[in-house]
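S.K.: Requesting a structural model of the entry that follows:
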Amino acid sequence: MSGWPIFQLTIARVRELLREPEAVFWVFVAPVLMAMALGVAFRSSGEEQIIVGVEDGPGAAWVVTALRDDGGFDVSTLDAEDARNRLRTGKVALVVLPGDPLTYWFDPTRPESRHARLDVDDALQRASGRKDPRSAQTREMREAGSRYIDFLVPGLLGMNLMGTGMWGIGFSIVMSRSRQLLKRMVASPMRRSEYLAAQMLGRLVFLVLEVGALVVFARLVFGVPLRGSILAFALVCALGALTFAGMGLLVASRARTIEGVSGLMNVVMLPMWICSGIFFSTARFPDAMQPWVHALPLTAINDALRAVMLDGSPLTAIGGELAIMTGWGLATFGAALALFRWR
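M.R.: Prediction:
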């Protein structure tokens, strides 16, 4: 009989776990979704091909032919600017600069780039004949704005805007609803639209500190540049914060418990954590997925932040990304306004 209470308590704890949406999501659903998405992004059919760019110029045709004949490379000919941009954003693992000697241009902070240099050199030496090897040298991409840390920081900034925007607003509304505070506001001379708009605008109060802390740290410690105008950067951050504030309002519009809103938040945010190019380029996903990936609001924010911070792009150059963010913000705010319940 001494083991009976332990058995009953164990059963009770299992039932409690199954009644918590966020626990069920992270234990059963999230690992499967992450494995599926990452498996697609880093898929391989047989031996995975290495994506290589060859800068256009004399000797480029021989390099392209040699690598394609080897069969282990996905090769494209690029102009100088496109080659730099693709290497910087992780869309190619390595760029070959044809000439005598050959030059392998790569980012030494990326493991795939270091491996690509060895594999490409081996393939080209075999194409030349081992007895008469081609001379080659390396060129490392280390300048500020072209390193992996430069690619990573805007992604982390976008992820932070998403997390604080959705969690901060969602939790606040659901806690007020569960404590019957929203019910009391019904009697006040306040419209639903005013309450929801105040939630979104209140999100901007801490935006300067939230964004500034990460940007200043990245600048001082790693030398991450901010080449675009402060105004353009501030507008992208503010629009991104409002976009995710609208999504947070929508997710919290009907939820009654913290557990319920947590599960919904996880379902909404997990695809963006994986697919929106925070830690690796969205180019890793197949062509069929690209329209969907680039329609995600976090992808638009990350792309816009990288364009402003690393390339110094003006607002006119990121009009598509701004339109996607604006569309998501207006759509989710409108839906939240229609679905919101005080009780």
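
S.K.: If you count contacts, what does the helix or strand containing Asn160 end up packed against?
M.R.: Assessed by DSSP states H and E, Asn160 sits inside helix 148-178. Using 3 or more C-beta pairs under 8 Å, 6 or more residues apart in numbering; DSSP states H and E, the elements in contact with helix 148-178 are helix 181-185, helix 192-202, helix 207-217, helix 230-251, helix 258-275, helix 297-311. (Glycine included, C-beta is placed from N, CA and C.)

S.K.: do that again at 7 Å, thanks
M.R.: helix 207-217, helix 230-251, helix 258-275, helix 297-311 (3 or more C-beta pairs under 7 Å, 6 or more residues apart in numbering; DSSP states H and E).

S.K.: of all those helices, which lies closest to Leu156?
M.R.: Nearest to Leu156 among the helices and strands packed on helix 148-178 is helix 207-217; the distance by C-beta to C-beta comes to 6.7 Å.

S.K.: how about that closest one: buried residues?
M.R.: Neighbour-count burial for helix 207-217, counted by 16 or more other C-beta atoms under 10 Å, picks out Leu207, Glu210, Val211, Val215.

S.K.: contacting residues for the last one?
M.R.: By that I understand Val215. For Val215, the contact set (C-beta atoms under 7 Å, 6 or more residues apart in numbering) comprises Leu226.

S.K.: and with 8 Å instead?
M.R.: When contacts are counted by C-beta atoms under 8 Å, 6 or more residues apart in numbering, Val215 touches Val153, Leu157, Val224, Leu226.

S.K.: Next: the third one.
M.R.: Neighbouring residues of Val211 by C-beta under 8 Å, 6+ apart: Leu157, Leu161, Cys237.

S.K.: Which of those residues ranks first by neighbour count?
M.R.: Greatest neighbour count in the contacts of Val211, by other C-beta atoms under 10 Å, goes to Leu161: 29 neighbours.

S.K.: how about the nearest residue to that one, chain neighbours excluded?
M.R.: In space, and not counting its chain neighbours, Leu161 is closest to Gly240: 4.6 Å by C-beta to C-beta, 6 or more residues apart in numbering.

S.K.: What's the per-residue pLDDT of the one you found here?
M.R.: Gly240 carries a pLDDT value of 92.

S.K.: That one and Thr299 touch, don't they?
M.R.: No: with contact defined as C-beta atoms under 8 Å, Gly240 does not reach Thr299; the gap is 11.3 Å.

S.K.: ok, those two, which is more surrounded?
M.R.: Gly240 (30 against 23).

S.K.: can you tell me which residues contact that one?
M.R.: Taking C-beta under 8 Å, 6+ apart, one finds Gly158, Leu161, Met162, Gly165, Pro297, Ile301, Ala304, Leu305, Met325 in contact with Gly240.

S.K.: same thing but 10 Å
M.R.: Neighbouring residues of Gly240 by C-beta atoms under 10 Å, 6 or more residues apart in numbering: 157-158, 160-162, 165, 207, 211, 297-298, 300-302, 304-305, 321-322, 325, 328-329.

S.K.: and if you look at Gln49?
M.R.: Leu67, Gly71, Gly72, Phe73, Asp74, Val75.

S.K.: coming back round to it: now a ChimeraX select for only the buried ones of the contacts of Gly240.
M.R.: Entered in ChimeraX, the line below selects the buried ones among the contacts of Gly240, by 16+ other C-beta under 10 Å:
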select :157,158,160,161,162,165,207,211,297,298,300,301,302,304,305,321,322,325,328,329
